[in-house]
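# Sharing a sequence plus its predicted fold:
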Amino acid sequence: MKIKTIILAAGQGTRMKSQKAKVLHKIAGKSMLRRVVETSQELQSEIIVVYGRGGEQVKQSLADLPIKWVQQEEPLGTGHAVQQAISQVSQDEVALILYGDVPLIRSETLGKIIEGLSDESLSLLTVKLRDPTGYGRIKRTDGVVEKIVEQKDANETELAINEVNTGIMAVNGGALATWLSALKNNNSQNEYYLTDVIEMAAKQGVPINTFHPHDAFEVEGVNSKQQLHALERHYQMQQAESLMAAGVTLADKNRIDIRGDLNITGGDVFIDVNNVFEGSVSLGEGVEVGPNCVIKDATVGANTVIKANSVLEDCTIGSNVSVGPFARIRPGTVLENSARVGNFVEIKKTTVGEGSKVSHLSYIGDAEVGKGVNIGAGTITCNYDGINKLKTIIEDGAFIGSGTQLVAPVTIGAGATIGAGTTLSKDAPKDTLTVTRAKQITLEGWKKPTKE
């Protein structure tokens, strides 16, 4: 059974009050449309996206994904939108209809409605709501779906129905093409409703199989910033509950944001409040993450402590490492086992060897730091000459005094000591003391300047 997924993404989203296309607004760091596309891909489906006027930004944002794009030049309703794409679906293929502003639909739910489909039937996803206002009602006769009645066209009895249409359906491509060609726009909105397909199918005696999502949030759409926020918080709560079920201790499940994949590889992980995890992050056994940290595309080894207000990006952190507080670990950095990086330290594209320390107020970039090295406060690797990035090598056991500038390219030999206040522009031999420091003088009789 070959599946073609048609995703409707042409809505203008005026209530979002934004210049950005509605479907490009994000849930957990990923656009709503991208979420729907990636969910569809789990079904091994080909993707067709229907976009509206000014949709070039939508196409550009998903240029990395294999999508066929179809434009709906005029917003004449959901049925009209699907009409633009139906030529891409063969008669013997399954058309799965989804929406770019319904971002939390699960592939498991879609799998159910596809499995329940045959050549002679239609699968429809419905949901029961306490407040069905705004949704099309599922009208049944003796339990059999008869049609969908839109809110603006419903009478008092129909408005009391709490089973509503989600708009998500799976149907044989040939049958859908026939029904789409027969759509009329004689309704209060003068639009071509996709929902009218259900009534056509019912009148022809086609079985309409209905299915329900795991929860209502799966099928909730976004038309305002308030609805966007509600889905964001629901999604984040789901992530938090999953983490706690896996044994992670959260200081507050309401104050953690996961904008990617957070993989926990061991027990006794503790995550304090207000932490943001982006991209692909892995935390090993016994890791502790202090409050207010941002960790993106990073691997953190067992028993490492990330202290408050630290930012880690595209880096690899070993076991028994201490980072922060107020540390910034930039892309390309590797902190090997038992390394220590303290407060107000920035490290970029550098390997810090086992047991080495950069305790405070330093910038180390484009460097190789060996084992057991101590780097004093205020140390700077001067790695950029205005054109090129140059390398600093600090070999095992070296001691770098406070307030030093290491002008790359430069190598500091194993066991060497660099005296405080040194500006090092030449290699320092191993097991020696190197210092560059002007002679200290005192001027007798010197008077401080005074204001005139």
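Now that the structure is in, tell me what you want to look at.

# From here on, just use CA atoms for contacts and neighbour counts.
Will do.

# Would you double-check that residue 227 falls in a strand?
No - if the criterion is DSSP: H, G, I helix; E, B strand; the rest coil, then residue 227 is helix and not within a strand.

# okay, now it: neighbour count?
If you count neighbours by other CA atoms under 10 Å, residue 227 ends up with 13.

# Number the chain from 458, please
Sure thing, new numbering starts at 458, so read that last one as residue 684.

# What residues does the residue nearest to it when sequence neighbours are not counted make contact with?
Of all residues not flanking residue 684 in the chain, residue 678 sits nearest, at 7.6 Å (CA to CA, 6 or more residues apart in numbering). For residue 678, the contact set (CA atoms under 8 Å, 6 or more residues apart in numbering) comprises 558-560, 684.

# Now, those residues that are in helices?
When these are checked against helices (DSSP state H), the matches are residue 684.

# Go through the contacts of residue 678 and flag which are in strands.
Among those, the subset assigned to strands under DSSP state E is empty.

# Sort out which one of the contacts of residue 678 lies nearest residue 795 for me.
Nearest to residue 795 among those is residue 560, at 42.0 Å by CA to CA.

# Who are the contact partners of the closest one?
Shown in contact with residue 560 (CA under 8 Å, 6+ apart): 484, 489-490, 492-493, 675-676, 678.

# tell me what the helix or strand where residue 515 lies is packed against?
Following DSSP states H and E, one finds residue 515 within helix 513-518. Contact partners of helix 513-518 among helices and strands, from 3 or more CA pairs under 8 Å, 6 or more residues apart in numbering; DSSP states H and E: none.

# so for it, what's the average pLDDT?
Helix 513-518 comes out with an average pLDDT of 93.

# what sits up against that helix?
The contact list for helix 513-518 (CA under 8 Å, 6+ apart) reads 478, 480-481, 508, 526.

# try stretch 546-554
Stretch 546-554 has contacts (CA under 8 Å, 6+ apart) with 458-465, 624-633.

# before we move on, what about stretch 692-702?
In contact with stretch 692-702 (CA under 8 Å, 6+ apart) are residues 484-485, 561, 706-707, 710-711, 713-715.

# of all those residues, which comes closest to residue 591?
residue 561 (19.4 Å).

# Contacts only, for that closest one.
Each residue near residue 561 by CA under 8 Å, 6+ apart is listed here: 492-493, 674-677, 688, 692.

# and those residues, which are buried?
Buried by 16 or more other CA atoms under 10 Å: 492-493, 674-677, 688, 692, out of these.

# just checking, which of the contacts of residue 561 belong to helices?
Those of the contacts of residue 561 lying in helices (DSSP H): 492-493, 688, 692.

# Tabulate these (TSV), appending pLDDT and distance to residue 519.
Putting the ones in helices among the contacts of residue 561 into TSV (pLDDT from 0 to 100; distance: CA to CA, whole Å) gives the following:
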residue	pLDDT	distance to residue 519
492	98	11
493	98	12
688	97	22
692	97	22
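
# Tell me which stretches of the protein form helices.
So, for the chain - with DSSP H - the helices run 489-498, 513-518, 535-542, 564-572, 613-616, 630-638, 653-660, 682-702.

# of all those, which lies closest to residue 815?
helix 682-702 (32.3 Å).

# Export the closest one to PDB, keeping only CA atoms.
Only the C-alpha atoms of helix 682-702 are listed here, as PDB (Å, rounded to 0.1, in the frame of the first residue of the first chain):
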ATOM      1  CA  LYS A 682       0.000  32.600  19.900                       C
ATOM      2  CA  GLN A 683      -2.100  31.400  22.800                       C
ATOM      3  CA  GLN A 684      -2.700  28.000  21.100                       C
ATOM      4  CA  LEU A 685       1.000  27.800  20.100                       C
ATOM      5  CA  HIS A 686       1.900  28.300  23.800                       C
ATOM      6  CA  ALA A 687      -0.600  25.700  24.900                       C
ATOM      7  CA  LEU A 688       0.900  23.000  22.600                       C
ATOM      8  CA  GLU A 689       4.400  24.000  23.500                       C
ATOM      9  CA  ARG A 690       3.700  23.500  27.200                       C
ATOM     10  CA  HIS A 691       1.900  20.200  26.600                       C
ATOM     11  CA  TYR A 692       4.800  18.900  24.500                       C
ATOM     12  CA  GLN A 693       7.300  19.900  27.200                       C
ATOM     13  CA  MET A 694       5.300  18.300  29.900                       C
ATOM     14  CA  GLN A 695       5.200  15.000  27.900                       C
ATOM     15  CA  GLN A 696       9.000  15.200  27.700                       C
ATOM     16  CA  ALA A 697       9.400  15.800  31.400                       C
ATOM     17  CA  GLU A 698       7.100  12.900  32.300                       C
ATOM     18  CA  SER A 699       9.100  10.600  30.000                       C
ATOM     19  CA  LEU A 700      12.400  11.700  31.600                       C
ATOM     20  CA  MET A 701      11.100  11.000  35.100                       C
ATOM     21  CA  ALA A 702       9.700   7.600  34.100                       C
END
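
# quick revisit: can I get the helices of the chain in CSV with distance to residue 825?
What follows is these, written out as CSV (distance: least, CA to CA, whole Å):
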stretch, distance to residue 825
helix 489-498, 39
helix 513-518, 37
helix 535-542, 56
helix 564-572, 46
helix 613-616, 70
helix 630-638, 60
helix 653-660, 66
helix 682-702, 36
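
# do you know which of these lies nearest residue 845?
Each of the helices of the chain was scored for nearness to residue 845 using CA to CA, and the closest is helix 513-518 (32.3 Å).

# these two touch, right, residue 803 and residue 821?
Yes - contact criterion CA atoms under 8 Å: residue 803 and residue 821 qualify, at 6.4 Å.

# which of these two has more neighbours?
Neighbours were counted for residue 803 and for residue 821 using other CA under 10 Å; residue 821 has more, 25 against 22.

# Kindly confirm whether my reading is correct that the more buried one touches residue 801.
No - in this structure, residue 821 is not within contact of residue 801 by CA under 8 Å, at 11.5 Å.
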